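*Asks:* Below are the sequence and a predicted model; questions follow.
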Amino acid sequence: MAEKIVKSDEEWRRDLTSEQYRVTREKGTEPPFTGAFLHIEEDGVFHCVCCGAPLFRSTAKYESGSGWPSFWEPVSADAIVETSDSSLSMVRTEVTCARCGAHLGHVFRDGPEPTGLRYCTNSVALRFAANEEDGTDGSAGAGGEGGA
Ligand SMILES: [Zn+2]
């Protein structure tokens, strides 16, 4: 079901803000303690800012103290792709959106139970949809095709 989204660099630059582009397409990192979603406490779902795919639920969000929004599990195992990243002479696991390849952050093994995982993500890579918005299919002007 998860149809891949492939766009040219030019298209991503056009569709994203420069900060969104820097983080999601160039594997950047937002400064800690600056993200819009760090302290959000509403119930809802965090979507990929690039393609809209659901990635994390607020019920799996927790306060890690790292300065970035942290989750202990993704919406589903196939929503994301984990890739070993050995840059900077440490081995980390990069987390990307399975649908469009957006860089989201990294996963570490110091998270809380039950998974013991910490998905450390950039707020700018995410878009939050509160639960109250559920069930309204025609969200204003959101990109075209691909219903529920
Ligand atoms: Zn995506």
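*Replies:* Yep, that arrived.
*Asks:* and the chain, which residues reach the ion?
*Replies:* With C-beta under 5 Å from the ion as the criterion, the chain meets the ion at residues 48, 50, 51, 53, 97, 99, 100, 102. Backbone N, C-alpha and C define where each C-beta goes, glycine included.
*Asks:* how close does the closest residue to residue 108 other than its chain neighbours get to the ion?
*Replies:* Nearest residue to residue 108 in three dimensions, chain neighbours excluded: residue 118, at 4.6 Å (C-beta to C-beta, 6 or more residues apart in numbering). For residue 118, the distance to the ion equals 20 Å [C-beta to the ion, to the nearest Å].
*Asks:* just to revisit the earlier point, I'd like the residues of the chain next to the ion as TSV, with pLDDT, distance to residue 73 and secondary structure appended.
*Replies:* Formatted as TSV, those follow (pLDDT from 0 to 100; distance: C-beta to C-beta, whole Å; DSSP: H, G, I helix; E, B strand; the rest coil):
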residue	pLDDT	distance to residue 73	secondary structure
48	98	16	strand
50	98	21	coil
51	97	20	coil
53	97	16	coil
97	98	16	strand
99	97	18	coil
100	97	20	coil
102	98	18	coil
